[in-house]
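[1] The following comprises the amino acid sequence and a computationally predicted model.
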Amino acid sequence: MSMSDSAARRRGLFRRQGFNLTLAAVGMSAGLAVAGLVTGIPVASADTVIGNCTIVSSPTPTVHTVCPGVDLTGSDLSNFDLSHADLTGAKLYQAKLTSTNLTGAKLTDANLALARFYGGANLSYTDLTGADMYGVYLDSANLTSANLTNAKLTYPVMNSVNLTDANLTGADLTGADVSDTLLIPSYQKVTADLTGSASVTWPTPPNLTGTTFGGCDRASGSSFPVGWTTVRCTVNTSASQASGTFIVDVAEPASNPEPTLPGNLFGS
């Protein structure tokens, strides 16, 4: 074989090897591109795991968080949507639940002691039967139609809580201040007559399921002097008694003309 033939064969071999290497490189690049597309796809789930509980995103009455007995002590559950959740017997001691939505949730026998429901949390239609709510902070919380049967609602903070149609049968309200709720008469403002006092009347608050209005230390229709007077009232359940206060604000008369003296009082 001549030197020219040998060189030609080597050139052909190199071209074939180069072609094969090029194909391999192209195939590898394509494979990496495909792999990149697969690994770059995010997990299609917005659920959140806290402790041993998976909080379902956008819950419905049929698909919702189910975590009975879970220990979420001290957890920050603010702004979560826990509507319809099953948290039966859950431990939520000192949990933070600012603006949390618990509409229709099941919290029977749950431990909510010292939990903080700041910012108007929604507990409407929530089942709180037998729940331990000692010292719970319910700032402007919505408890419309909530079931608080036999709940331990002792020494809570209940600023402006909405209790419309709530069930408080057998609830322990020891130490509960229910001022600014529908269980206590609201702020009364009147104007005194020329004697410097006013007779003030107010409607008797409604009884909820399980509650009986106990009366106040000043009866409706009593006479009140100018200024602020605090009136204290009580509310009873079969298990305990709660109390609350409201203000009677009596303003001074709109006008109190000076007496007119006769012109000849001192003679002419």
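    In hand now; what should we look at?
[2] what sits against the closest residue to residue 49 other than its chain neighbours?
    Leaving out its chain neighbours, the residue that sits closest to residue 49 by CB to CB, 6 or more residues apart in numbering is residue 55, at 7.4 Å. C-beta here means a position set from N, CA and C on the backbone, and glycine is covered the same way. With contacts defined as CB atoms under 8 Å, 6 or more residues apart in numbering, the neighbours of residue 55 are 47-49, 65, 77, 80, 82, 85.
[3] now the helices: where do they sit in this protein?
    3-39 (DSSP state H).
[4] how about a markdown table for the contacts of residue 55, with pLDDT and neighbour count added?
    As requested, the contacts of residue 55 are exported to a markdown table (pLDDT from 0 to 100; neighbours: other CB atoms under 10 Å):
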| residue | pLDDT | neighbour count |
| --- | --- | --- |
| 47 | 92 | 11 |
| 48 | 94 | 13 |
| 49 | 95 | 8 |
| 65 | 97 | 22 |
| 77 | 96 | 20 |
| 80 | 96 | 22 |
| 82 | 98 | 27 |
| 85 | 98 | 26 |
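[5] Would you format those as CSV with distance to residue 195 included?
    Output for the contacts of residue 55, formatted as CSV (distance: CB to CB, whole Å):
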residue, distance to residue 195
47, 68
48, 65
49, 69
65, 62
77, 56
80, 58
82, 57
85, 59
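[6] Now intersect those residues with the strands, please.
    Cross-referencing the contacts of residue 55 against strands under DSSP state E gives 48-49.
[7] sorry, back to before: quick one, grab the pLDDT at the residue nearest to residue 49.
    The model reports residue 55 with a pLDDT of 96.
[8] Now do it against residue 244, distance only.
    35 Å (CB to CB, to the nearest Å).
[9] before we move on, what about residue 143?
    Residue 143 is 15 Å from residue 244, by CB to CB.
[10] Counting neighbours, go ahead and name the busier of those two.
    For the pair residue 143 and residue 244, the greater number of neighbours falls to residue 143 (26 against 21), based on other CB atoms under 10 Å.
[11] Skipping adjacent residues, who's closest to residue 134 in space?
    Closest residue to residue 134 apart from its sequence neighbours, by CB to CB, 6+ apart: residue 113 at 4.3 Å.
[12] right, and residue 87 touches residue 71 too?
    No - the criterion here is CB atoms under 8 Å, and residue 87 misses it with residue 71 at 11.1 Å.
[13] More neighbours: which of those two?
    residue 87 (27 against 15).
[14] And the pLDDT at the more buried one?
    Taking residue 87 on its own, its pLDDT is 98.
[15] so who does it touch?
    65, 67-68, 70, 105-107, 110.
[16] for residue 245, which residues make a bridge with it?
    Per DSSP bridges, the residues bridged to residue 245 are residue 232.
[17] measure it to residue 95 for me?
    30 Å.
[18] Excluding sequence neighbours, find me the nearest residue to residue 63.
    In space, residue 63 is closest to residue 56, 6.3 Å off (CB to CB, 6+ apart).
[19] thought the one you found was touching residue 50?
    No - assessed by CB under 8 Å, residue 56 is found out of contact with residue 50, at 12.0 Å.
[20] of these two, who's got more company?
    residue 56 (22 against 14).
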